[in-house]
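> Sequence first, predicted coordinates after that:
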Amino acid sequence: FPIALPPSLNTTTSSQRQQLTTPMACAESIQHSLSKIALTGSRASSELRALDQERQSVDSHIVDLNTALELRHLSSTMKEALSKGRYEDCVAAIVGYRSFEPTPHALTLVGDEAIDNYTD
């Protein structure tokens, strides 16, 4: 259903049209800029999420590596203390070894020799 325009809008002058055209063009430009910002923000947000996941992965690897190094050290201490008859030191190393709850990745990093020292 077409709606008839009021007479004041039907008889606009060129200066009145110019006054309407400029704000409309500005509004379109602002809308276009905001759309670009939203798209860029979305990309940046995705990149930040990816970087955060990568950081968490690196942090997890660092924890596993530290655990593996500590378990290797304790394993070596157990073996050395046992061979020298220092049973208290050996027991302390065993208690320390048992205090860890290593991930499967950390156990892989520890290596079979260190695990065998503990289980022997």
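That came through, no problem. Numbers count the residues shown, from 1 in each chain.
> Give me the residue ranges of the chain where confidence is low.
1-2, 5-20, 117-120 (pLDDT under 70).
> Now His61. Nearest residue, chain neighbours left out?
His105 (7.6 Å; Cβ to Cβ, 6 or more residues apart in numbering). C-beta coordinates here come from the backbone N, C-alpha and C atoms, glycine included.
> Tell me, how many residues neighbour that neighbour?
15 (other Cβ atoms under 10 Å).
> For it, grab phi and psi.
Per-residue torsions, His105: phi -60, psi -40 (degrees, to the nearest 10).
> Next one: the most centrally placed residue in the chain relative to Ser46, how far apart?
Nearest to the mean C-alpha position of the chain, by Cα atoms, centre = their mean, lies Asp52 at 1.7 Å. In this view, Asp52 and Ser46 are 11 Å apart by Cβ to Cβ, to the nearest Å.
> Could you list every helix and strand in contact with the strand or helix carrying the residue nearest to the centre of the chain?
According to DSSP states H and E, Asp52 maps onto helix 14-83. Counting contacts by 3 or more Cβ pairs under 8 Å, 6 or more residues apart in numbering; DSSP states H and E, helix 14-83 is packed against helix 87-98, helix 104-110, helix 112-119.
> And it, how far out from the chain middle?
On the basis of Cα atoms, centre = their mean, to the nearest Å, helix 14-83 sits 7 Å off its chain's mean C-alpha point.
> cool, and stretch 95-106?
Using Cα atoms, centre = their mean, the offset of stretch 95-106 from its chain centre is 25 Å.
> how about it as PDB, C-alpha atoms only?
The C-alpha trace of stretch 95-106 is given here as PDB (Å, rounded to 0.1, in the frame of the first residue of the first chain):
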ATOM      1  CA  VAL A  95      57.900 -41.300  49.100                       C
ATOM      2  CA  GLY A  96      58.700 -38.300  46.900                       C
ATOM      3  CA  TYR A  97      58.200 -40.400  43.700                       C
ATOM      4  CA  ARG A  98      54.800 -41.600  45.000                       C
ATOM      5  CA  SER A  99      53.700 -38.100  45.700                       C
ATOM      6  CA  PHE A 100      53.500 -37.300  42.000                       C
ATOM      7  CA  GLU A 101      50.500 -38.000  39.800                       C
ATOM      8  CA  PRO A 102      52.100 -37.800  36.400                       C
ATOM      9  CA  THR A 103      50.100 -37.600  33.200                       C
ATOM     10  CA  PRO A 104      50.700 -40.200  30.500                       C
ATOM     11  CA  HIS A 105      52.800 -37.600  28.600                       C
ATOM     12  CA  ALA A 106      55.000 -37.000  31.700                       C
END
